[in-house]
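Novice: Whatever this is, show me its structure:
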Amino acid sequence: MTDHDSEKTPLEELQDTLARLKEMEHYSQGNIEKLATLWLTVSENKSQKQYEAGVGRVLTEQNRFQEAIVALIEDFEKEAARLRAEEEKAAAGSAGEQ
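Specialist: Residues are numbered from 1 along each chain as shown. Below you'll find the predicted structure:
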């Protein structure tokens, strides 16, 4: 196998990045769930009540991150679909030439 054979296509590189983004989104969703539980615990505990707003702010920021990463994933998925269609068109064109 030559170095050229192991090089990734733009689509493969994009799919690798997309997989990493989806993993981050998965963990982000878990953080939101944990923060929501923590916020409830803090808000119900009189000795921790002063931290309720702080936990709420962190939860709000995590939600913003979640929304942003989901939008970014959608952008990457659109680009992946475009590259896939481009590769299929090129493959169909080269098959037709033979």
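
Novice: what stretches of the chain score poorly on pLDDT?
Specialist: 1-5, 96-98 (pLDDT under 70).

Novice: Quick check: longest helix in it by residues?
Specialist: Longest helix in the chain by number of residues (criterion: DSSP state H): helix 52-97.

Novice: Check which helices and strands that helix sits against.
Specialist: helix 10-44 (3 or more CB pairs under 8 Å, 6 or more residues apart in numbering; DSSP states H and E). Backbone N, C-alpha and C define where each C-beta goes, glycine included.

Novice: got the buried residues for the helix it packs on?
Specialist: Neighbour-count burial for helix 10-44, counted by 16 or more other CB atoms under 10 Å, picks out Leu11, Leu14, Gln15, Leu18, Leu21, Glu25, Ser28, Asn31, Leu35, Trp39, Val42.

Novice: Wait, the fifth one touches Ile73, no?
Specialist: Yes: contact criterion CB atoms under 8 Å: Leu21 and Ile73 qualify, at 5.2 Å.

Novice: Would you format the buried residues of helix 10-44 as JSON lines with distance to Glu67 included?
Specialist: Listed next are those as JSON lines, based on distance: CB to CB, whole Å:
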{"residue": "Leu11", "distance to Glu67": "26"}
{"residue": "Leu14", "distance to Glu67": "22"}
{"residue": "Gln15", "distance to Glu67": "23"}
{"residue": "Leu18", "distance to Glu67": "17"}
{"residue": "Leu21", "distance to Glu67": "13"}
{"residue": "Glu25", "distance to Glu67": "10"}
{"residue": "Ser28", "distance to Glu67": "10"}
{"residue": "Asn31", "distance to Glu67": "13"}
{"residue": "Leu35", "distance to Glu67": "15"}
{"residue": "Trp39", "distance to Glu67": "18"}
{"residue": "Val42", "distance to Glu67": "23"}
